[in-house]
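need a 3D model of the sequence below.
(one chain, ligands or ions: 1)
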Amino acid sequence: MNTKVMYGSTVARHIRTDLEGTVLKLKEKEITPKLTVIIIGDNPASETYVRMKKKAAEKIGIQSTILELPSDTTEQYLLSIIQDLNQDLSTHGILVQLPLPDHINEKKVLDAVSPDKDVDGFHPINVGRLSISQEAFYPCTPLGIMKLLDFYGVQMKRKHVVVIGRSNIVGKPIGQMLLNEDATVTYCHSKTEDLFEYTKQADILIVAVGKAHLITKEAVKKGAVVVDVGNTFLDSGKVVGDVVFDNLLGHASHITPVPKGVGPMTITMLLYNTIEAAKRLG
Ligand SMILES: Nc1nc(=O)c2c([nH]1)NC[C@@H]1CN(c3ccc(C(=O)N[C@@H](CCC(=O)O)C(=O)O)cc3)C=[N+]21
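Now for the predicted structure:
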């Protein structure tokens, strides 16, 4: 079997070109989409991601500001900054980079971001809207996966999708989005017994665990579509996913690489959501 590699980097380029056009049109109406990213402390991976987001935003004409706060920032101060940004008419999108330091309550912080500026799609209002298939900000990684599958012509209707991972930002929402496309969805997670008995039944396997080398072809039905959401930094500095990519070549029908797979789609959907916010808020 000839395995089709689904490059998020390629799809992202197409979408970003479209988005650039949309930004130009907004600018004619005197609206410049603006994203503010808040980052707390000095987690090197987070700093890399935030820099990538800023660069990607500016490349297509979205204004972006990074607010770098020290690791001893109080929860109260962070909440006050978010309140200010909620009120600030020039800011359309607010993103608080995760993870937060231990002394800050993540739930309180995510609840504080206005649902209308919640370009991450993490606010309970947006989570709830997704769960009842309403229009909302959808979280960037799962939305990016949907666009990637769509671009490569992967049918979802009536397919059995197995999702490994039940996080609020990837596993749960991707299952819901696929359910909305009439897939049959099975969730697996760290307490699942006989994991591979489930994964072997998948027409589409979404792996969002964060454990390098978790999935080899023994866990995958021949001809399945495999989406790797893993992003583990090895000591060598290399980024790897949860799937042994080379092992699946010739076995899967489609597979995403890491890097250049889901990651670039995540960032593209952040740009997409920011532009949507600007359209709605004006
Ligand atoms: N509030 C919040 N929103 C997020 O969306 C968010 C977050 N916090 N915290 C961290 C995770 C992680 N994340 C990634 C985005 C892009 C790549 C990406 O593009 N990676 C490149 C490789 C990176 C490299 O080469 O260094 C790729 O896959 O090709 C990875 C990971 C967003 N996150």
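
where's Val225 relative to Glu106, distance?
32 Å (Cβ to Cβ, to the nearest Å). Quick note: C-beta positions are derived from backbone N, CA and C, even for glycine.

for Ile94, grab the count of nearby residues.
Residues contacting Ile94 under the criterion other Cβ atoms under 10 Å number 27.

in this structure it contacts Phe122, no?
No. Assessed by Cβ atoms under 8 Å, Ile94 is found out of contact with Phe122, at 10.5 Å.

which residue does the stretch 1-150 of the chain bring closest to the ligand?
Closest contact between the stretch 1-150 of the chain and the ligand, by Cβ to the nearest ligand atom, is at Leu98 (3.8 Å).

on the three-state scheme, that residue is what?
Look at Leu98: counting by DSSP: H, G, I helix; E, B strand; the rest coil, its state is coil.

where does it fall, phi/psi-wise?
Phi and psi for Leu98, reported as degrees, to the nearest 10, are phi -100, psi 160.

excluding chain neighbours, what is closest to it?
Counting by Cβ to Cβ, 6 or more residues apart in numbering, Leu98 lies nearest to Glu106, which is 7.0 Å off, once chain neighbours are set aside.

Leu89: which element?
Leu89 belongs to no helix or strand when elements are defined using DSSP states H and E.

burial count for it?
By the criterion of other Cβ under 10 Å, Leu89 has 8 neighbours.

mind listing what it touches?
By Cβ atoms under 8 Å, 6 or more residues apart in numbering, Leu89 lies in contact with nothing.

what residues does Gly175 make contact with?
Counting by Cβ under 8 Å, 6+ apart, Gly175 has contacts Val161, Val163, Val185, Tyr187.

repeat the analysis, applying 6 Å as the threshold.
Contacts for Gly175 (Cβ atoms under 6 Å, 6 or more residues apart in numbering) come out as Val163, Val185, Tyr187.

picking up where we left off before, more crowded one of Val225 and Glu106?
A direct count of neighbours by other Cβ under 10 Å for Val225 and Glu106 places Val225 higher, at 26 against 16.

measure that one to Glu68 for me?
39 Å.

next one: Glu135
Applying Cβ to Cβ, the value for Glu135 to Glu68 is 33 Å.

those two - which one has more neighbours?
Using other Cβ under 10 Å as the criterion, Glu135 and Glu68 rank with Glu68 on top: 14 against 10.
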